[in-house]
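# no sequence on this one, just coordinates:
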């Protein structure tokens, strides 16, 4: 029964809870048992909140039994990336500096999930200060990919993706500054949504690059992400990054299909980056699927895409260094070498370069808006390679061993710069059984359309959901 429960989606579990066919206590216990058995190997969680979760499960069970059902997440377990504040529960930010940090209040995202009845099982592993893309963490252990434990999970929301793929939880929270939700979702074969900038509150989440930071849900199905977004979305007047924009109904037309929609493909948008042949073939197959489903797929040119990388550095550098300057000055040796390297080049960017970068960013966004004016969405591979080896931090790209570092940048980071919503969803598997991923992007505030397109593709490939990693 435990295995059956942990294989269920949020939607399936929610239906069982509502019908009283499963109790929140049963659900929480099944996921905790699996977590306790395997977390020492896969390091999805830095902190497991077993006692608190079981107590919350009993409360949820009592509420539902007395007719106080809160909705589709009532009694559903989840994990939160360990940069989200959790009241009374250690929040490390993946850093030794915060090993004993216990916040007094919840991040707004956590508060909204708690109000919806969701139950926190633990704090998910992350790259130190969410400052890298591997979740190789010397302070709290390296998160390992459930599909192959010698491979990375990606980062920096790596623990969240690992917990989902390993079936420790059916739902997780992540944050995304340059791809940190979508990278691990892609490498672990789950679904990760970066919504429109300002759609979800960032209050109570440790800052990375405020201009580019996003928070979002991660799950194993598109519908589960949509249900969770419905709860997380909305204006927060206490968050300076939050934007007061109407919240859509994210599930109302999720099954409407893609017939008649126009989908853009733009190799130039990702700087014509080299993509491994197996991923290219899976992507071409995905495009054929969209055409078969009734969408119009067109190739579109975008000039000057190299500006994304340059502007990302000029804006991200000063903001990242502002967040970490005090601690780095205090003890630079306590920082992970990858984070230290990022800080070193960040310190060199001048105020003039930063201000000019902000201005040029706005002009570049207008160019993207113009390109997307006549399209409903844009698609690309989420990543050009599969999960790198932990030992070498290298991937295979068309037969060559290459450094994994920053391979995600041309594909994912531009959408942090524009603030466009993007989602990574499973697209297939390579010859080694490692996940391949498709990225879908729409215009700002069009998450309902984004989820509709993603769900249509997901429904066309039920075989992908049937494959489950075997944990050791």
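That came through, no problem. Fair warning: this is a prediction, and the values are worked out from it, not measured in the lab. Numbering: from 1, shown residues only.

# Number of residues surrounding residue 195?
Residues lying near residue 195 (other Cβ atoms under 10 Å) number 27. From N, CA and C alone the C-beta is placed, and that goes for glycine too.

# any idea how far residue 272 is from it?
Distance of residue 195 to residue 272, given as Cβ to Cβ, to the nearest Å: 28 Å.

# Then residue 446?
Where residue 272 is concerned, residue 446 sits at a distance of 26 Å (Cβ to Cβ).

# Neighbour count for these two, which is higher?
residue 446 (19 against 11).

# Give me the nearest residue to the more buried one, chain neighbours excluded.
residue 421 (6.6 Å; Cβ to Cβ, 6 or more residues apart in numbering).

# Kindly report the same for residue 299.
residue 265 (5.1 Å).

# What of residue 178?
residue 413 is the one closest to residue 178 (Cβ to Cβ, 6+ apart), at 4.2 Å.

# all strands for the stretch 1-150 of the chain, in order.
With DSSP state E, counting those that start in this stretch as the criterion, the stretch 1-150 of the chain has strands at 45-48, 77-81, 119-124.

# again but with the stretch 301-450 of the chain, I slipped
377-381, 394-397, 400-403, 422-429, 435-441.

# Relative to residue 249, which of these is closest?
Of all the strands of the stretch 301-450 of the chain, it is strand 422-429 that lies closest to residue 249, at 17.3 Å by Cβ to Cβ.

# For that closest one, give the mean pLDDT please.
Here strand 422-429 scores 98 as its mean pLDDT.

# Repeat that for stretch 333-343.
94.

# Quick one: closest of the strands of the stretch 1-150 of the chain to residue 304.
Per Cβ to Cβ, nearest to residue 304 of those: strand 77-81, 33.5 Å.

# Report all helices and strands that that closest one contacts.
Using 3 or more Cβ pairs under 8 Å, 6 or more residues apart in numbering; DSSP states H and E, the elements in contact with strand 77-81 are helix 24-42, helix 108-115, strand 119-124, helix 158-165, strand 171-176.

# Can you tell me what sits against the longest one?
In this case it means helix 24-42. Here helix 24-42 makes contact (Cβ atoms under 8 Å, 6 or more residues apart in numbering) with 1-2, 5-6, 13, 16-17, 44-45, 48, 50, 53-54, 56-58, 60-61, 64, 74-77, 119, 121-122, 143-144, 146, 149, 162-163, 166-170, 471-472.

# hang on, the residue nearest to residue 446 packs against residue 194?
Yes - proximity of residue 421 to residue 194 meets the contact threshold set by Cβ atoms under 8 Å, at 6.5 Å.

# Common neighbours of the two, please.
With Cβ under 8 Å, 6+ apart as the test, residue 421 and residue 194 both reach residue 415.

# more crowded one of those two?
A direct count of neighbours by other Cβ under 10 Å for residue 421 and residue 194 places residue 194 higher, at 31 against 28.

# Count the neighbours of residue 240 for me.
Counted with other Cβ under 10 Å, residue 240 comes out at 10.

# host element of it?
Using DSSP states H and E, residue 240 sits within no helix or strand.

# can you give me phi and psi for it?
Note on residue 240: its backbone torsions stand at phi -70, psi -20 [degrees, to the nearest 10].

# Same check on residue 151?
According to degrees, to the nearest 10, residue 151 has phi -110, psi 160.

# Quick check: it vs residue 266, distance?
29 Å.

# Now do the contacts for the residue most central in space within the chain.
By Cα atoms, centre = their mean, the mean C-alpha position of the chain lies nearest to residue 181, the distance being 2.0 Å. Residues near residue 181 by Cβ under 8 Å, 6+ apart: 157, 160, 174-175, 192-194, 214, 216, 218, 424.

# So which of these is surrounded by the most neighbours?
In these, the most neighbours by other Cβ under 10 Å go to residue 160, 39 neighbours.

# Now do the contacts for it.
Contacts of residue 160 (Cβ under 8 Å, 6+ apart): 44, 79-81, 124, 172-174, 181, 184, 218.
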